[in-house]
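**Q** Model the following, please.
(chains A and B)
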Amino acid sequence: MKLFGLLFFLMGFFYPSIQSHAIADGKTHKEINQLEQRIKKLEYERKRNSQSNNISTATGLSRSFNPTISLHGLLLGTYNSEGNDNSSQSNKTGLSVEELELQLAGNVDTWFRVQSTFSMEGTSQFGLEELVGSGLITNNLSLQVGKLFVPMGKHNQLHTHSQPFVATPVSNEMVLGEDGLKEIGFGASYLLPFSFFSEINLQILEGENEDLFASTVNDGFAYLTRSGNSFDLSDETTMDASLAYAFGDNSLSGPYRTTEVFGVDIRFKHKPLGREGYRTAIWQSEFLTSTREQIKTGFYTYLQQQFAKHWWAQGRYSHSYQQSDRSDQNQYSLALSYFPSEFLETKLEYTHLNQYAADENQLFLRLNFTLGAHKGHSY
Amino acid sequence: MKKKSLTIYLAFLFLFLTVTSVQAKKISIVTTTTDIASITREIGGNFVSVDSIAKGGQDPHYIQAKPSYMVKLNRADLLIYQGLQLEIEWLSLLIEGARNPKVRPLQPGHLDLSSAIEPLEIPLGDLDRSMGHVHPQGNPHYNLSPSNAIKMANAIADKLSLLDQENEIVYRKNLDQFVLNINERLSNWKSRLNKISNKKVIVFHRTWIYLFTEFEIDQIGTIEKLPGVPPTPMHLAKIKNLIEQNNVRVIIQAVHYDSKFPDLLSSKTGVKTVILPAFVGGVLEATNYLSTMEYIVTKLENAFSNS
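**A** Modelled structure (predicted):
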């Protein structure tokens, strides 16, 4: 009883003092609110951290530091009007796993980032397609090293899963070879301080491409310089234009021992504001030429039109010419693509190949899917 | 005469140097959305120049990583973005292409505003792509809650004060004014919408959950089957039944979506479709954050009252 009396006494003594203090100091209420906010924030952070900590492997190591992994699959059905009795025919009639691409990408440390792509053509040939290590050296200047998709024209820089047509343009096949220009090397790219986008690339390459370089001496490198530019003609329309020049020793001797390659590309892209997901129009053209013991030239031009959220229609004409035998090829392609989501595409394509040998009519039906965490494609 | 000319010349020179030095002091800021740009302008005032990558009527999920945006980011002192993977398709490409160390992750010139708010709709359990376009860290459209706008403004003021301590007082003062303006309008908006008894709505995409939480609007279904996945005929039939059973009077969708499916449901059930801007600049009247919210509240008020 005495204890209760004492408690009442103490409460009566201190309560008015606490109350008056709180009223006198108007900040208290605000401070309590701020503290409540901080507690809520901390609780949220704790929840988020516990979620991310739960993502661990059986060994207890966090998956947070694993690279992003994605798998691209290309399943292809082909009909070709020619060469059905020839097993080495390109684009031959049949069903195939056209390609699987396994990509791993992530930051090595604060300074260096790596992206690697392993590809398997068919069901057995597995190899390294691309390995790019890159780092920002200083403002505007970055370095790249590894096995690179050489920036000679736009098409050569694309992985198979992001190429707009199933059939490779005959211009690229003729000038850069069937597998394109992929080289081990290193280079720098510098963003010029202009009001529009303009970058310069310089690369030193091993020069292994057998159609162009493949020098017989170990120090027979190839060198590339490229100027890439982009202009916004309006908020909805962009024009890109690039020039690239490469040269290097090849396997020949005498006056033809150096190969020169020149490429120019241009693209217009139109996306109406507010309807980006529904409408896009792209016109892209590219011209390539190489000089060795003979001159090879070629170009393509295509038009792509997205006409509904999930549908694209496109057409392309490609031409190639080889001076030595004066043979030329004309390739006409029409395609219709359906994208249920950005990770899945079905494409139906018809290609007519007009050439010195018998003309070919090719029909492709391709399923293209992406599994896992895949970064968006460059513009 | 010569003396007079010299004085005028020096005066002009002084003026020029003063103007250029004031200009040079401006913090160059690139934001990913127009809402962030609008709030940043309110807080930064004359000490910042702000440029948004996405325009108000665009869907920020699907912005293209245009090279010209890399140039903008290349010159920026500060990048402010919405986060929660709203910009996942394109922002990392822009940061990489910009070659500007200042705006890279973990640098002082890099601000993810989602760390200032409490996300809603954080999906539980294991996620995969069969669930549609899910955001593992929560719904990223938090800009549509005025209470969150205050939190965003606080984070922006903190960042600007850190980058430009000299003008911290100005940023804090601008913040207080912004918070005052929002709070004044918020009570008005709430009282206007609280008068409406039936606030059940169907939405096209889950854009509005923060707005609905703020104003106690009841979202009972989405026209999309899953986030980013268009409806099947069966799903549309289910939504039609929901509308009829719950006496839903309004479908809400953002300006950047095709109104084909909402229009179809409207024609079948008589429900009204309200097209709203999801960001500042989404419609002509939405010139800044406050006017955008005013536009949204007025449209909702009219839609509920007239239907």
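
**Q** Spatially nearest residue to the residue nearest the centre of chain B, not counting backbone neighbours?
**A** Central residue of chain B (CA atoms, centre = their mean): B:Asp35, 3.6 Å from the mean position. Take B:Asp35 and drop its neighbours on the chain: the residue closest to it by CB to CB, 6 or more residues apart in numbering or on different chains is B:Asn143, 4.1 Å away. Every C-beta, even on glycine, is put in place using the N, C-alpha and C of the backbone.

**Q** Phi, psi for the residue nearest to the centre of chain B please.
**A** Per-residue torsions, B:Asp35: phi -70, psi -40 (degrees, to the nearest 10).

**Q** Need the per-residue pLDDT for it.
**A** The model reports B:Asp35 with a pLDDT of 97.

**Q** so who does it touch?
**A** Contacts here follow CB atoms under 8 Å, 6 or more residues apart in numbering or on different chains; on that basis B:Asp35 touches B:143, B:149, B:152, B:279-280, B:289, B:292.

**Q** hmm, 10 Å instead?
**A** Residues near B:Asp35 by CB atoms under 10 Å, 6 or more residues apart in numbering or on different chains: B:52, B:54, B:56, B:60, B:82, B:113, B:141-144, B:148-149, B:152, B:277-282, B:286, B:288-289, B:292-293.

**Q** One more: B:Val201?
**A** Neighbouring residues of B:Val201 by CB under 10 Å, 6+ apart: B:208, B:212, B:217-221, B:243, B:246, B:248-252, B:271, B:274, B:300, B:303-304.

**Q** now do A:Glu98
**A** Contacts of A:Glu98 by CB under 10 Å, 6+ apart are A:73-78, A:121-122, A:160-161, A:166, A:364, A:366-368.

**Q** let's see it at 8 Å
**A** Residues near A:Glu98 by CB under 8 Å, 6+ apart: A:74-76, A:121, A:160, A:166, A:366.

**Q** I'd like those residues laid out as JSON lines, including distance to chain B and neighbour count.
**A** Shown next, in JSON lines, are the contacts of A:Glu98 (distance: CB to the nearest CB, whole Å; neighbours: other CB atoms under 10 Å in any protein chain shown):
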{"residue": "A:Leu74", "distance to chain B": "18", "neighbour count": "22"}
{"residue": "A:Leu75", "distance to chain B": "18", "neighbour count": "16"}
{"residue": "A:Leu76", "distance to chain B": "23", "neighbour count": "18"}
{"residue": "A:Glu121", "distance to chain B": "26", "neighbour count": "18"}
{"residue": "A:Thr160", "distance to chain B": "20", "neighbour count": "18"}
{"residue": "A:Val166", "distance to chain B": "24", "neighbour count": "23"}
{"residue": "A:Arg366", "distance to chain B": "20", "neighbour count": "20"}
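
**Q** For chain B, name the helix or strand with the lowest mean pLDDT.
**A** Lowest on mean pLDDT, DSSP states H and E among the helices and strands of chain B sits helix B:2-25, with a mean of 55.

**Q** Am I right that A:Gln314 is in a strand?
**A** Yes: secondary structure of A:Gln314 (DSSP: H, G, I helix; E, B strand; the rest coil): part of a strand.

**Q** Name the spans of the chain whose pLDDT lies under the cut-off.
**A** Using chain A here. A:1-27, A:29-30, A:37, A:40-41, A:43-63, A:374-376 (pLDDT under 70).

**Q** wrong one, chain B
**A** B:1-24, B:307.

**Q** And the strands in it?
**A** In chain B, the strands defined using DSSP state E lie at B:27-31, B:48-52, B:78-81, B:110-112, B:200-203, B:218-222, B:250-254, B:272-276.

**Q** Out of those strands, indicate the one that is most buried.
**A** strand B:78-81 (a mean of 26; mean count of other CB atoms under 10 Å in any protein chain shown).

**Q** what pairs with that strand, and is each one parallel or antiparallel?
**A** strand B:27-31 (parallel), strand B:110-112 (parallel) (DSSP bridges).

**Q** In the stretch 201-307 of chain B, what residue comes closest to chain A?
**A** Residue nearest to chain A within the stretch 201-307 of chain B (CB to the nearest CB): B:His256, separated by 5.1 Å.

**Q** Please report the distance of that residue from B:Lys225.
**A** Distance check for B:His256 against B:Lys225: by CB to CB, to the nearest Å, it reads 19 Å.

**Q** Neighbour count: the two, which is higher?
**A** The residue with more neighbours, out of B:His256 and B:Lys225, is B:His256; 27 against 16, by other CB atoms under 10 Å in any protein chain shown.

**Q** contacting residues for that one?
**A** By CB under 8 Å, 6+ apart, the neighbours of B:His256 are A:274-277, B:57-59, B:278, B:282.

**Q** now the strands paired with strand B:78-81 in CSV, with distance to B:Ala237?
**A** Formatted as CSV, the strands paired with strand B:78-81 follow (distance: least, CB to CB, whole Å):
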stretch, distance to B:Ala237
strand B:27-31, 41
strand B:110-112, 41
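
**Q** which of the residues in stretch A:103-118 are buried?
**A** A:103-105, A:113-118 (16 or more other CB atoms under 10 Å in any protein chain shown).

**Q** Show the end-to-end separation of it, please.
**A** 6 Å (CA to CA, to the nearest Å).

**Q** roughly how far is that stretch from the heart of the chain?
**A** Taking CA atoms, centre = their mean, to the nearest Å, the mean C-alpha location of stretch A:103-118 is offset from the chain mean by 14 Å.

**Q** Just the terminal-to-terminal distance for stretch B:186-204.
**A** End to end - CA to CA - stretch B:186-204 spans 25 Å.

**Q** Kindly apply the preceding question to stretch A:162-173 instead.
**A** Note: stretch A:162-173 ends 17 Å apart using CA to CA.

**Q** do stretch A:152-167 as well
**A** Note: stretch A:152-167 ends 19 Å apart using CA to CA.

**Q** Next, the buried residues of that stretch.
**A** A:152-157, A:159-161, A:164-167.

**Q** Could I get these in a markdown table, plus columns for secondary structure?
**A** Shown next, in a markdown table, are those (three-state DSSP):
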| residue | secondary structure |
| --- | --- |
| A:Met152 | coil |
| A:Gly153 | coil |
| A:Lys154 | coil |
| A:His155 | helix |
| A:Asn156 | helix |
| A:Gln157 | helix |
| A:His159 | coil |
| A:Thr160 | helix |
| A:His161 | helix |
| A:Pro164 | coil |
| A:Phe165 | coil |
| A:Val166 | coil |
| A:Ala167 | coil |
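
**Q** Among those residues, which pair sits farthest apart?
**A** Taking CB to CB, the two most distant members of these are A:Met152 and A:Val166; they sit 21.4 Å apart.

**Q** And the helices in the stretch 1-150 of chain A?
**A** In the stretch 1-150 of chain A, helices defined by DSSP state H, counting those that start in this stretch lie at A:2-24, A:27-54, listed in chain order.

**Q** same thing with chain B?
**A** Remark: helices assigned in chain B by DSSP state H are B:2-25, B:34-44, B:67-74, B:91-98, B:146-163, B:168-194, B:209-215, B:233-245, B:260-269, B:289-306.

**Q** of all those helices, which gets the most neighbours per residue?
**A** helix B:34-44 (a mean of 26).

**Q** what angle sits between it and strand B:27-31?
**A** On the basis of axes from the mean of the first three to the mean of the last three CA atoms, to 10 degrees, helix B:34-44 is oriented at 160 degrees to strand B:27-31.
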